[in-house]
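Undergrad: need a 3D model of the sequence below.
(4 chains)
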Number of protein chains: 4
Amino acid sequence: MFNELEEKFKDECGVFGIYLNEPDSRTDAARSTFYGVYALQHRGQESAGIAVSNGHKIILHKNMGLVSEVINSEVVDELEGNIAIGHVRYSTTGESGPLNAQPLVFHYLKGMIALAHNGNLTNTVELRKRLATYGSVFQTTTDTEIVANLLARYPQDEIEDALAKCLVDMKGAFALVILTEDSLVGVRDQMGIRPLCIGILDGNYVLSSESAAFDTIGAEFIRDVEPGEIIVINKDGMKSIKTIDAPKTAHCVFEYIYFARPDSVIDKLNVYKARREVGKQLARQNNIDADLVISVPDSGTAAALGYAEGSGLPFQEGLMKNRYIGRTFIQPTQQMRELGVRLKLNPVYDVVEGKRIIMVDDSIVRGTTSKNLVNLLRKAGAKEVHMMVASPPTKYPCYYGVDTSRREELIANLMTNEEIAAHIGADSLNYIDLNGLFAALGNDENYFCAACFSGNYPIGTESIEEE
Amino acid sequence: MFNELEEKFKDECGVFGIYLNEPDSRTDAARSTFYGVYALQHRGQESAGIAVSNGHKIILHKNMGLVSEVINSEVVDELEGNIAIGHVRYSTTGESGPLNAQPLVFHYLKGMIALAHNGNLTNTVELRKRLATYGSVFQTTTDTEIVANLLARYPQDEIEDALAKCLVDMKGAFALVILTEDSLVGVRDQMGIRPLCIGILDGNYVLSSESAAFDTIGAEFIRDVEPGEIIVINKDGMKSIKTIDAPKTAHCVFEYIYFARPDSVIDKLNVYKARREVGKQLARQNNIDADLVISVPDSGTAAALGYAEGSGLPFQEGLMKNRYIGRTFIQPTQQMRELGVRLKLNPVYDVVEGKRIIMVDDSIVRGTTSKNLVNLLRKAGAKEVHMMVASPPTKYPCYYGVDTSRREELIANLMTNEEIAAHIGADSLNYIDLNGLFAALGNDENYFCAACFSGNYPIGTESIEEE
Amino acid sequence: MFNELEEKFKDECGVFGIYLNEPDSRTDAARSTFYGVYALQHRGQESAGIAVSNGHKIILHKNMGLVSEVINSEVVDELEGNIAIGHVRYSTTGESGPLNAQPLVFHYLKGMIALAHNGNLTNTVELRKRLATYGSVFQTTTDTEIVANLLARYPQDEIEDALAKCLVDMKGAFALVILTEDSLVGVRDQMGIRPLCIGILDGNYVLSSESAAFDTIGAEFIRDVEPGEIIVINKDGMKSIKTIDAPKTAHCVFEYIYFARPDSVIDKLNVYKARREVGKQLARQNNIDADLVISVPDSGTAAALGYAEGSGLPFQEGLMKNRYIGRTFIQPTQQMRELGVRLKLNPVYDVVEGKRIIMVDDSIVRGTTSKNLVNLLRKAGAKEVHMMVASPPTKYPCYYGVDTSRREELIANLMTNEEIAAHIGADSLNYIDLNGLFAALGNDENYFCAACFSGNYPIGTESIEEE
Amino acid sequence: MFNELEEKFKDECGVFGIYLNEPDSRTDAARSTFYGVYALQHRGQESAGIAVSNGHKIILHKNMGLVSEVINSEVVDELEGNIAIGHVRYSTTGESGPLNAQPLVFHYLKGMIALAHNGNLTNTVELRKRLATYGSVFQTTTDTEIVANLLARYPQDEIEDALAKCLVDMKGAFALVILTEDSLVGVRDQMGIRPLCIGILDGNYVLSSESAAFDTIGAEFIRDVEPGEIIVINKDGMKSIKTIDAPKTAHCVFEYIYFARPDSVIDKLNVYKARREVGKQLARQNNIDADLVISVPDSGTAAALGYAEGSGLPFQEGLMKNRYIGRTFIQPTQQMRELGVRLKLNPVYDVVEGKRIIMVDDSIVRGTTSKNLVNLLRKAGAKEVHMMVASPPTKYPCYYGVDTSRREELIANLMTNEEIAAHIGADSLNYIDLNGLFAALGNDENYFCAACFSGNYPIGTESIEEE
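TA: Residues are numbered from 1 along each chain as shown, chains lettered A, B, ... in the order given. Here you go, the predicted model:
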């Protein structure tokens, strides 16, 4: 039942890295990384970890749980070193044990190395088999371990050269931060599917999945890592290596719709602005007579404010969110069915009663939450409920590091818009269409990956591992 | 440092109770109480507990932690019975151990009894001494144990009569739910300082600090418990006993400003509407030229939307809240000072940059958060920052169950408005004044307790215990 | 199944107290008490606790678990004060929650007081009712809370006088240590059923259930607290108050048989020597031709060595004990039935094979373990197994603070010796008889309570609470 | 301080494995393995783990802690499969984290494989380097991971052939149990340094470090795995592959002195009998006039009983052991120095006072415990204390999987026997000599490894890794 409320697509990870030239304290790198991954917590709540190097040795701490549960002062005090990487993880079902928590640390011929990864390789079956043929063993089911084994094949090379050779073999979506004993490395897949950006803090370089993490530690955003670019940061500063050139980029459009923090800037686009523009565009495309605009908090709020702006209708908080929803939960009985939603979201009668309402949400996956919310609003006295969705219908699964439902569970594959509207009990239901989305974001399918809406996968998916 | 962000006044508790005539399952009462206190979690995050009676025996489960941490399915399965009460607690410093967690359960001459309490007696020193003279011993430092000892002096009486006799001695603010072996009892102090209301669910009566908890379990709000009223619910239905009559009521005005959920209705006033009206009133009183209105989320948002409505200025989300702030936290070093605020709230550059901003917050206690936020907005490029506070200056401590700072810490006692504006770096600072507040809420000091603003304490505070 | 191995009678508690005149450090009292209760851990493994006073205030730490789990360095660092008491508890079923863990701390008219108790009052029903009639409420089901409520009736008296008055009402077995804000008090019931003794450490007085705890902290044993004696230790030294005189003593004989540590001296009798003498006496009474003597470790070893000495037969370790048996355990399936015993005790083939064996155990309760062990020895090749029990048949429950099985579970009430021998598969079975036991211990029923063997209860048991 | 009492040599691990042909329940293999490692708990208390295969997939559960802490009913319920291996671990300092807990599970070209290891390879530096040159990465610092990587080099071979090839490279001491998807494999180093034996339970084969684990599950001992032998157990039964032949065996003699359970039979020698014979031999070699023999429990007891038998002196329990010593402990202050020993061992005055005592211990490492115990005995009134050590002086570190102290910490390297006697305060000190030991055990250095006494290392130690 809680899954109904949690039925959104899930981003799988957030990564962070920092290289301090002359830290004030031996734990400053770990401390900053703690703040960094804290700011990226929305990208994964399953496990968290930090690895640091003091130039000679890598120390690791990771565990299942939130950053605030996994990392405390005692832990930070142990993590001495001037270079650090961090990771937060959301995993797909089945393989979510502590062994798969990241970063992963490896000893290889050149010493120690730690990796933290956001994304999904699409040729892991083939890569794992090829590596195993030459004697590799695997202790996890992560792509990260595959990358480490690929890297270890080039012990004679500098890390950037080894990595460039690995990129030839690695297909799919990935934003990686790598910690060697004396450097911090970042790399992004050749179409830039998953985000990674560069910041600077008092002359020290920082890498992060999202720019909001830079704000948290007081660093300034410099630029995104480019598709296919390798960034090496060490005592000599920052070096950029451009690898294979792709004909187009394929930045994940869902980062703007739902995954990223509204206060992040990703691939030159401000996320909050993007959502607001989508809301405005929705208002432009749909001219529905209503009394007010409400949002499904928190992810629908920016688009709802855009819609209010575009339509001239007032925005109000029609649904109140309980801020204390924990991870464990007691199932309601059959008669208490509605409780799950009400525990999390409750209508404000004074706002809703007797009103014709536009309810804006960022996306619909299976429609269960929408149905419950429309029902709640009606019970609270809403005269009309018109649902606006700030993304096109999601019809296709993602193979690039996102946990989407299976195709047959996506309601947009099962019903027409009208049927969905009837199913959820709304007076009307409108999605933004793909062109409208691209118009609002100011770019098109040559810039974004919108495969979950269009089915146009930028990278072949034939060899995708069935896990 | 986190205290800076958590510097709000703290409500001390939330209470809930339910009497099921013919429950479908033996744990339905406990289950509903779980949902009820879950919905009241914002009233106390320190400890939680549920006590149930099966008509013969009371069983208790309580512990330190959030409701979702303390109560799980295994716990509910043990809590068999058709009557239940629940409690969430925030305590003042010093005495926050598990012994003081509530409900408290007692054996006395008539059997077992459990009590859960929101509020603060103002004559505990005297009561404790009087009881001890007659041989009472105390294992906790709670007011609840005092009430139990008072009750036990009248074992020959029906619970409502015993309670009526106790009320003669009990001074201060209290909303109590009491579980006897075969009844559920609610009582509210004679001026109705702390809230308590009655709901109904399929013919079964429910008591709660706030009506939003009724929504969560699907119950309907009936009415508030009246000041000085005793409500007894048992197999014969609900009975009301009116006790001592007070010349005025003194409903805590801060419930509307900050404590209560916006989706609750308390003493006939919708909380969300109250906040929005305060925002409108603020806009009416202050005519400042600006580009947009933002709020300090989440508590300032309703007033900010009211301000936007009143002023005609657009509302935007200028500060993003990290939804994953945990209870433990690693202190930043001196150089990282700002991080604490940024971890929790981060400006949205695209919204803020180059703009003249009205920032609305519900209240100011020590001013530290306000200062940090103004600073963040300026760094993000805000041209002007005008702060609007949706409550009058808080100048007086509360003795009625709220954890306020000491007088000398309240910034409004230390500086003029202009000095505060300068201190926090705002271009201007405006509070709503007390008359404006009363105007917005549609009632005055004969209805509300506004002692934290006015110093007019409705009950003498001479004998207040120094703890 | 583990109960089969744990089927012994259970002592319910151990108590300890210390008064330091001029401690070197503010936590020395707590630290010594930690060592003291550590040494008494065999008397109760369910909960542990320490309370300290610094002359003004009592601080308490207690929890479910072993001493080493409940008390750690951080805990001790908080427990500042020069007077301390400690407690370990084994409880009978049903009421073993943290609320009942001891010491219990109370506020009463004279300030704070903490109590720790070993034993069982036999008139609790009556006392609780009498107290409740005058308004007492009870939060636990412990006798200790009753004693505190009794004491609180005499707030005008010095602690020793108040206690003397309470003794008039308290029936049953008790060894109590009490911590007031400025003194340490010990008291023992008027027949001295449960043990309590006095030691000295560099001029500081110490109280303990057993003298072995004195060895652990380097204190010297002075003497036992006498039956009905109150010991008050404060800045003026130690004071003894003799109260009601009983015609006889009734020291629990089972302390010598099983409960106490072999290295303790209780009521002038060395426990190890007592067990050894019982073993010798057993050998004297039974002249069985055999090859060697083995014991059921660890509690049967001293008697087995005495038997070997008395009989001239060699002693060997025929059963090996696994030292790592934890508290949780996975139930074996039906086919693995024997495993429970074998996990804990395993025969040494080389010792046992082809031999005629005397197996000595301290007592038999339900006979299940004995049966399993005889079976194991036979499977390991023993030619004959003769069981010797170092106590008379246990036929009566104990009402004085010991958890014995119900009468109908005690095998000695169900079968003759011959039947038991047949039931457990032994070639012969011999108990020491009551006269033999008294002969070995050098005293008789005017000195000991042997009610569990004889049914002669030294205090009336009519009013015993059915819990 | 506790290290003083825990100053014994530490065995590093225990292994167990079972192959069930037709299990009654899907968790029988895991359940039996739980009992097996429970019985081997004395070989390692740091971490525990079980891996099972259902013919297709290997599932693993492991963690830091005792078997009873790591494995519970819920865990066993998850571990479905008919083949299982288990492991308990004691690790040397530094690398004792959960990553190094065993079994380790690997995916390689042929599927999944799990390994559990007791022992120490002596050429790990060389092996790790050689493997890394070909691209291997390492996530742990265990020898086990090296073996897995070696095995993965021969994916085309049957497991027994791959293992035979690995044995060519593996130097040192090892007893390994390996779980493939459809078989259970055991292997022992070519000199049989660490123990491993074969049992049978209703037609199903079992492997274990010690035979006592067979008793626990009701299995019968068949024979030891021979040095250099590979045992493969699968649906076709058991197969033996003899590999490289060594000119001598080198069974660890310390297993008989201290490591193994007295109720185990290892390499055809009953451990209890071995200890008793050593005690007899000690009595033969030393004719000291005394009143009684006591042991340092529990490890010295078998030898003490042998000594008593050989000398005709009576054996008594002169030192009582506290059975509840936990893993955490509060440091006594300087003045409380003796407490550490007394908490664990306390003299029985009645036994010791006025007596001339022979105290038998199994070995001396640094002499600190011995010194404390002699001191305790004297304080308890012992007239003379003569120490007998049931092993020769330990002068050399072990490189074969045992955690010995560094050479300069071993008291036998620092002082003569007379000096040690004076140092520990004994009236005399006698070790058994190496010839005496061999005589008692009935074999010599061609059979045993006694390098810790003689310095004659059976395998070159040049390339031993400095960790």
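Undergrad: any regions of chain A where pLDDT drops low?
TA: Low-confidence segments of chain A (pLDDT under 70): A:1-7, A:11, A:91-96, A:326-339, A:461-467.
Undergrad: how about the helix or strand that contains A:Lys62, does it reach chain D?
TA: Using DSSP states H and E, A:Lys62 falls within strand A:58-64. No - on the criterion C-beta under 8 Å from any C-beta of the partner chain, strand A:58-64 is out of touch with chain D, staying 8.6 Å away. The C-beta positions use only the backbone N, C-alpha and C, and glycine is treated the same way.
Undergrad: list the buried ones in that strand?
TA: A:58-62, A:64 (16 or more other C-beta atoms under 10 Å in any protein chain shown).
Undergrad: same thing with stretch A:158-167?
TA: The neighbour-count check on stretch A:158-167 (16+ other C-beta under 10 Å) flags A:159-160, A:162-164, A:166-167 as buried.
Undergrad: ditto for stretch A:430-450
TA: Neighbour counts using 16+ other C-beta under 10 Å place A:430-434, A:436-441, A:443, A:445, A:447-450 of stretch A:430-450 among the buried residues.
Undergrad: ends of it, what's the gap?
TA: 19 Å (C-alpha to C-alpha, to the nearest Å).
Undergrad: hang on, the earlier thing: helices - which of the buried residues of stretch A:430-450 land there?
TA: Among the buried residues of stretch A:430-450, the ones falling in helices (DSSP state H) are A:434, A:436-441.
Undergrad: is it possible to get TSV of the residues you listed that adds distance to chain D?
TA: Shown next, in TSV, are those (distance: C-beta to the nearest C-beta, whole Å):
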residue	distance to chain D
A:Leu434	40
A:Gly436	46
A:Leu437	41
A:Phe438	42
A:Ala439	47
A:Ala440	45
A:Leu441	41
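Undergrad: between the residues you listed, which sits nearest chain C?
TA: Chain C lies nearest to A:Leu441 out of these, by C-beta to the nearest C-beta, at 54.2 Å.
Undergrad: could you find the closest non-adjacent residue to that closest one?
TA: In space, and not counting its chain neighbours, A:Leu441 is closest to A:Ala274: 5.6 Å by C-beta to C-beta, 6 or more residues apart in numbering or on different chains.
Undergrad: just give me the neighbour total for that neighbour.
TA: 27 (other C-beta atoms under 10 Å in any protein chain shown).
Undergrad: re earlier: with distance to D:Phe254 as added columns, please give the buried residues of strand A:58-64 in a markdown table.
TA: Shown next, in a markdown table, are those (distance: C-beta to C-beta, whole Å):
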| residue | distance to D:Phe254 |
| --- | --- |
| A:Ile58 | 36 |
| A:Ile59 | 34 |
| A:Leu60 | 35 |
| A:His61 | 36 |
| A:Lys62 | 37 |
| A:Met64 | 39 |
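Undergrad: just the strands in the stretch 251-400 of chain A please.
TA: In the stretch 251-400 of chain A, the strands defined using DSSP state E, counting those that start in this stretch lie at A:251-252, A:265-266, A:269-270, A:292-295, A:319-321, A:345-347, A:356-361, A:384-389.
Undergrad: quick check: residues of the stretch 1-150 of chain A near chain D?
TA: Contacts of the stretch 1-150 of chain A with chain D, taken as C-beta under 8 Å from any C-beta, map to A:98, A:104-109, A:128-129, A:131-139, A:141, A:148-149.
Undergrad: which members of those occur in strands, if any?
TA: Secondary structure assignment by DSSP state E places A:104-108 of these in strands.
Undergrad: which among these gets closest to chain C?
TA: Lowest distance from chain C to those (C-beta to the nearest C-beta) belongs to A:Val105, with 30.8 Å.
Undergrad: re the thing from before, out of the ones in strands among the residues of the stretch 1-150 of chain A next to chain D, grab the one that's most surrounded.
TA: Highest neighbour count within those: A:Leu104, with 26 neighbours (other C-beta under 10 Å).
Undergrad: surely it and A:Thr142 touch.
TA: Yes - using C-beta atoms under 8 Å, A:Leu104 makes contact with A:Thr142 at a distance of 6.7 Å.
Undergrad: what about A:Ala29, how many residues nearby?
TA: 30.
Undergrad: count of residues packed around the residue of the stretch 1-150 of chain A found nearest chain C?
TA: Per C-beta to the nearest C-beta, A:Glu74 is where the stretch 1-150 of chain A lies closest to chain C, at 12.2 Å. Look at A:Glu74: counted by other C-beta under 10 Å, it has 9 neighbours.
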